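Chemist: sequence unknown, structure follows:
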């Protein structure tokens with residue numbers, strides 16, 4: 001007998017969990033000792049994305065034959081990344097069987113050609129064991145009247161379809177322990193109103209695709225700590241976002257006119273990444289904001305920066321950068337405020353600027369920051385490829401006056 005076969009079954013099963021499911025099952029041919037060990041695997045993963053038709057057929061037959069023989073009392077995780085070779089009734093049966101085995105984490109991605117939506121079994125929506133649920137692609141969220149997911153903490157819905165406008169709200173209202181929610185709206189979905197009311201929620205990521213015709217959005221998440229919101233739509237719609245008093249981080253990338261309640265909801269944030277198409281109203285104060293990352297791709301960047309500096313009295317770190325897939329227009333017409341913002345006189349310590357080109361508006365802004373930030377400890381400016389030589393840009397900034405005599409200036 002080889003040395004590894006002398007280990008107890010529990011340890012051997014632990015070893016098998018580090019292998020892909022297909023390879024773990026193949027160990028059954030090693031010896032009598034290994035023949036049935038894979039049946040105790042707590043984690044199962046099936047992926048037919050790069051299989052031939054014959055391989056998909058064998059995989060389907062294996063799952064249908066082996067899953068009823070699985071002996072683990074609890075399936076810790078089941079991940080399915082399957083094509084439409086697996087008929088809807090087969091996937092329904094797989095999911096229903098996993099739920100009956102007290103599955104804790106379920107991750108399903110379904111690709112369909114020709115396009116056909118796949119519904120999930122009703123017992124999924126009453127699972128007492130499910131902690132993590134991730135659904136993506138051609139799945140129809142048809143939430144039944146009876147829903148109860150008492151243990152669910154993480155829910156991800158990426159480009160799924162909703163049976164009606166009540167589907168998402170009904171699901172969320174019956175997840176009393178939900179802490180993390182990610183919703184990426186499918187561009188071809190017909191749902192036009194979204195309501196997210198989850199008192200327990202701590203993390204929320206919401207993506208609404210470009211020019212999606214949304215009619216209304218309501219977000220009530222008083223316990224939220226991390227918020228990511230992306231929407232690009234020129235269509236005016238009803239938007240109500242209630243205050244998030246415990247917010248730590250927010251990523252806001254929005255292009256729509258009605259941003260009043262959105263901005264008012266995040267005033268307690270400590271770290272903020274933001275890109276806005278329009279300027280928010282005056283009178284809003286970010287009293288706890290310490291770190292601001294401002295995307296500079298919009299025409300209103302200069303005015304938005306002035307307002308955020310004025311409205312953030314305790315700001316310590318300022319970054320000017322570009323969000324992913326955002327494109328800088330090449331011009332920042334700098335119009336300095338009539339009075340120096342309080343944060344520049346008392347709290348701002350770090351100033352970072354990436355892709356600096358040295359054009360007049362950018363140069364004036366950089367010089368203004370160095371000249372007025374009296375407690376600045378470091379100023380880091382990373383140059384971009386441009387027509388102005390780096391040495392000339394460096395001279396303009398290095399020899400400008402500085403309010404902080406201890407500021408370390410870094411130019412690259």
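Modeler: Sure, I can see it. Not measured: the values here are computed from a predicted model.
Chemist: residue boundaries of the helices in the stretch 301-412 of the chain?
Modeler: Counting by DSSP state H, counting those that start in this stretch, the stretch 301-412 of the chain has helices at residues 301-311, 342-346, 360-372, 390-398.
Chemist: wait, the stretch 151-300 of the chain
Modeler: Under DSSP H, counting those that start in this stretch, the stretch 151-300 of the chain gives helices at 167-172, 260-265.
Chemist: what is residue 107 paired to in the beta sheet?
Modeler: residue 79, residue 134 (DSSP bridges).
Chemist: re the thing from before, what's the most buried one of the helices of the stretch 151-300 of the chain?
Modeler: Most buried of the helices of the stretch 151-300 of the chain, by mean neighbour count (mean count of other Cβ atoms under 10 Å): helix 167-172, with a mean of 20. Glycine gets a C-beta too; all of them are placed from N, C-alpha and C.
Chemist: can you give me the mean pLDDT across it?
Modeler: Averaged over helix 167-172, pLDDT sits at 94.
Chemist: swap in stretch 90-97?
Modeler: Per-residue pLDDT over stretch 90-97 has a mean of 92.
Chemist: Can you list the buried residues in it?
Modeler: Under the neighbour-count criterion of 16 or more other Cβ atoms under 10 Å, stretch 90-97 has 91-95, 97 buried.
Chemist: Looking at those, spot the one nearest residue 110.
Modeler: Checking the buried residues of stretch 90-97 against residue 110 with Cβ to Cβ, the nearest one is residue 91 at 6.7 Å.
Chemist: quick one, what contacts that closest one?
Modeler: 80, 82, 108, 110, 118, 120 (Cβ atoms under 8 Å, 6 or more residues apart in numbering).
Chemist: Out of the helices of the stretch 301-412 of the chain, which is closest to residue 217?
Modeler: Distance to residue 217, taken as Cβ to Cβ, is lowest for helix 301-311 among the helices of the stretch 301-412 of the chain, at 22.1 Å.
Chemist: From the contact counts, what lies against that closest one?
Modeler: strand 291-295, helix 342-346, helix 360-372 (3 or more Cβ pairs under 8 Å, 6 or more residues apart in numbering; DSSP states H and E).
Chemist: ok, and what's touching the longest one?
Modeler: Applying Cβ under 8 Å, 6+ apart, the set of residues contacting helix 360-372 from outside is 302, 305, 318, 331-334, 336, 340, 344-345, 351, 353, 356, 376, 379, 381, 393, 396-397, 400-403, 407, 409.
Chemist: thinking again about what came up before, need the helices and strands packed on helix 301-311 in JSON lines with distance to residue 56, can you?
Modeler: Shown next, in JSON lines, are the helices and strands packed on helix 301-311 (distance: least, Cβ to Cβ, whole Å):
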{"stretch": "strand 291-295", "distance to residue 56": "44"}
{"stretch": "helix 342-346", "distance to residue 56": "59"}
{"stretch": "helix 360-372", "distance to residue 56": "55"}
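Chemist: Residue 187 - how many residues pack around it?
Modeler: By the criterion of other Cβ atoms under 10 Å, residue 187 has 11 neighbours.
Chemist: give the contact list for the closest residue to it other than its chain neighbours.
Modeler: Here the nearest residue to residue 187 in space, its sequence neighbours aside, is residue 209; by Cβ to Cβ, 6 or more residues apart in numbering that works out to 4.5 Å. Contact analysis of residue 209 by Cβ under 8 Å, 6+ apart lists 185-187, 232.
Chemist: Between all of those residues, which two are separated the most?
Modeler: 186 and 232 (15.4 Å).
Chemist: sorry, back to before: quick one, which of the contacts of helix 360-372 are buried?
Modeler: 302, 305, 318, 332, 334, 340, 344, 351, 353, 356, 376, 379, 381, 393, 397, 402-403, 407, 409.
Chemist: Let's see which of the residues you listed end up in strands.
Modeler: Among those, the ones falling in strands (DSSP state E) are 318, 351, 353, 356, 379, 381, 409.
Chemist: Could you list the low-confidence segments of the stretch 1-150 of the chain?
Modeler: Scanning the stretch 1-150 of the chain for pLDDT under 70 picks out 1-39, 113-115.
Chemist: At which residues are the strands of it located?
Modeler: Remark: strands assigned in the stretch 1-150 of the chain by DSSP state E, counting those that start in this stretch are 43-47, 77-83, 105-111, 132-137, 140-141.
Chemist: Could you export those as JSON lines, including distance to residue 168 and mean neighbour count?
Modeler: Formatted as JSON lines, those follow (distance: least, Cβ to Cβ, whole Å; neighbours: other Cβ atoms under 10 Å):
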{"stretch": "strand 43-47", "distance to residue 168": "27", "mean neighbour count": "19"}
{"stretch": "strand 77-83", "distance to residue 168": "22", "mean neighbour count": "19"}
{"stretch": "strand 105-111", "distance to residue 168": "17", "mean neighbour count": "19"}
{"stretch": "strand 132-137", "distance to residue 168": "12", "mean neighbour count": "19"}
{"stretch": "strand 140-141", "distance to residue 168": "7", "mean neighbour count": "19"}
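Chemist: of all those, which lies closest to residue 253?
Modeler: strand 132-137 (21.2 Å).
Chemist: Mind putting the helices and strands packed on helix 301-311 into a markdown table with mean pLDDT and distance to residue 244?
Modeler: As requested, the helices and strands packed on helix 301-311 are exported to a markdown table (pLDDT from 0 to 100; distance: least, Cβ to Cβ, whole Å):
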| stretch | mean pLDDT | distance to residue 244 |
| --- | --- | --- |
| strand 291-295 | 96 | 17 |
| helix 342-346 | 96 | 22 |
| helix 360-372 | 89 | 30 |
